[in-house]
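**Q** Give me coordinates for this.
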Amino acid sequence: MQNLNLKHTKPETATEVLEGKRKSDQLQIRNLKTIFRLANGQEIHAVDRVNFEISPGEIVGLVGESGSGKTVFCLSILRLVPPPGKIVEGEILWNNRNLLLCNEQELKEIRGKEITMIFQTPASSYCPFGNFGPYSGCKGAITFF
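**A** Numbering: from 1, shown residues only. Got it, this is the predicted structure:
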């Protein structure tokens, strides 16, 4: 069984904030790995050492074949991976805060207010020309089209 490899990130100092060195509203993914351990002992590596960064105002498209891990990756960001899935390695930094170290109450304060997922299903799709409705105050959205 692998151990969860989490690291604390040093919060920025007041000087860094005042000098504009703080990367606010930034999402950083470092070495993220999410696996599913099946009852027969087999491991499915749905997200395997993903690294990237999204800065404020930046738009990133995530494209892949059906079953390639896009949804599991996004669920990992919000720590909503259903069992038997588990994040086993990496960091998910939102405003220099590692979401993997947050408790459930802290995550509830972030989900929907600062980061949210908007799924597209055939019955109810999001119109890219409209607004996010209840999510209009959200700082970051993970959108599926």
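**Q** how about the helices in this protein?
**A** 14-18, 70-77, 104-110 (DSSP state H).
**Q** count of residues packed around residue 114?
**A** 16 (other C-beta atoms under 10 Å). In this view, the C-beta of every residue, glycine as well, is placed from N, C-alpha and C.
**Q** Oops, could you answer that again for residue 69 instead?
**A** If we define neighbours as other C-beta under 10 Å, then residue 69 has 19 of them.
**Q** from what I can see residue 110 touches residue 103, true?
**A** No: using C-beta atoms under 8 Å, residue 110 makes no contact with residue 103, being 11.2 Å away.
**Q** which of these two has more neighbours?
**A** residue 110 (19 against 7).
**Q** With residue 94 as the reference, measure out to that one.
**A** Computed as C-beta to C-beta, to the nearest Å, the residue 110 to residue 94 distance reads 7 Å.
**Q** that older thread, need the helices of the chain in JSON lines with mean pLDDT, can you?
**A** Converted to JSON lines, the helices of the chain look like this (pLDDT from 0 to 100):
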{"stretch": "helix 14-18", "mean pLDDT": "46"}
{"stretch": "helix 70-77", "mean pLDDT": "92"}
{"stretch": "helix 104-110", "mean pLDDT": "92"}
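**Q** Need the winner for burial among these.
**A** helix 70-77 (a mean of 20; mean count of other C-beta atoms under 10 Å).
**Q** how about the helices of the chain, which one is nearest residue 42?
**A** helix 70-77 (16.0 Å; C-beta to C-beta).
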